[in-house]
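K.L.:
Here is a sequence with its predicted model. Questions after.
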Amino acid sequence: MKKKKIFFSILTTIVLIISIFLYINRDKFAYVGSVDIIEVDCSNKHQILSEVYESDQRIRKSNELLKYAKEDHRNQELVISIIEKCGMPTLKEVGQKHMNAIWLGLQHSNKKIRKKYFQQIEKAVENGDLSKQQYALMKDRILMDEGKPQIYGSQIKNGKLYKLENPETVNERRKEMGMGTIEDYLKYFNIQFNPN
């Protein structure tokens, strides 16, 4: 009987501590749900994409991604809705910042969405609407999503360079995509490049 009493006292204390922690940090946790297609005004896509771009950059600079989860989620819905309802924009229709907003919305989405819209990104790169570097970053992320080695060495996971296909020739591939050397890139993350 005494053991049961001690057990329930400990259990009650743990539940109380967790409840207090969750209450104090309630703004940092947000369930945002699925990314859905929403109503968008195609004639206003310049303004929508400008807001998406500004929002995305503000979120990334703040380093409080959990706090801004709902805003990030909204950006993703706006980008996907524009593609689905208005068609994939081109550089002739919108500016570079707007095209970058499309890319950012997809790059910062989930793996299912990245994979679904990657063909549009490839076509945009072929047409000169997006850069080869943006292609490389998304391609590497999709490969990482699938557990495969990356090609261009752009993805870091758990503080380390994510596994890389043919590391000895990575700088040649990076150069083709308009990217600097892997050694210079990894300096930003305090990671030493070891091709072995």
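P.N.:
Nice, thanks for sending it over. Numbering: from 1, shown residues only.
K.L.:
could you pull out the strands for the protein?
P.N.:
Under the criterion DSSP state E, strands of the chain are mapped to 156-157, 160-161.
K.L.:
so which of the ones you listed is the most packed in?
P.N.:
Counting by mean count of other CB atoms under 10 Å, strand 160-161 has the highest mean neighbour count of these, with a mean of 16. Where C-beta positions appear, they are placed from N, C-alpha and C, glycine not excepted.
K.L.:
Can you list the buried residues in the least confident helix or strand in the chain by mean pLDDT?
P.N.:
Within the chain, no helix or strand scores below helix 2-24, which has a mean of 74 by mean pLDDT, DSSP states H and E. Within helix 2-24, no residue counts as buried by 16 or more other CB atoms under 10 Å.
K.L.:
Let's see it as PDB, backbone CA atoms only.
P.N.:
Only the C-alpha atoms of helix 2-24 are listed here, as PDB (Å, rounded to 0.1, in the frame of the first residue of the first chain):
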ATOM      1  CA  LYS A   2       2.800   2.400   0.900                       C
ATOM      2  CA  LYS A   3       4.600   1.600  -2.400                       C
ATOM      3  CA  LYS A   4       1.400   2.500  -4.400                       C
ATOM      4  CA  LYS A   5       1.100   5.800  -2.500                       C
ATOM      5  CA  ILE A   6       4.800   6.600  -3.400                       C
ATOM      6  CA  PHE A   7       4.300   5.600  -7.000                       C
ATOM      7  CA  PHE A   8       1.200   7.800  -7.400                       C
ATOM      8  CA  SER A   9       3.000  10.700  -5.700                       C
ATOM      9  CA  ILE A  10       5.900  10.400  -8.100                       C
ATOM     10  CA  LEU A  11       3.500  10.000 -11.100                       C
ATOM     11  CA  THR A  12       1.500  13.100 -10.000                       C
ATOM     12  CA  THR A  13       4.700  15.100  -9.600                       C
ATOM     13  CA  ILE A  14       5.900  14.100 -13.100                       C
ATOM     14  CA  VAL A  15       2.500  15.000 -14.700                       C
ATOM     15  CA  LEU A  16       2.500  18.400 -12.900                       C
ATOM     16  CA  ILE A  17       6.100  19.200 -14.100                       C
ATOM     17  CA  ILE A  18       5.200  18.200 -17.700                       C
ATOM     18  CA  SER A  19       2.000  20.300 -17.500                       C
ATOM     19  CA  ILE A  20       3.900  23.300 -16.200                       C
ATOM     20  CA  PHE A  21       6.600  22.900 -18.900                       C
ATOM     21  CA  LEU A  22       4.000  22.700 -21.700                       C
ATOM     22  CA  TYR A  23       2.100  25.700 -20.400                       C
ATOM     23  CA  ILE A  24       5.200  27.800 -20.100                       C
END
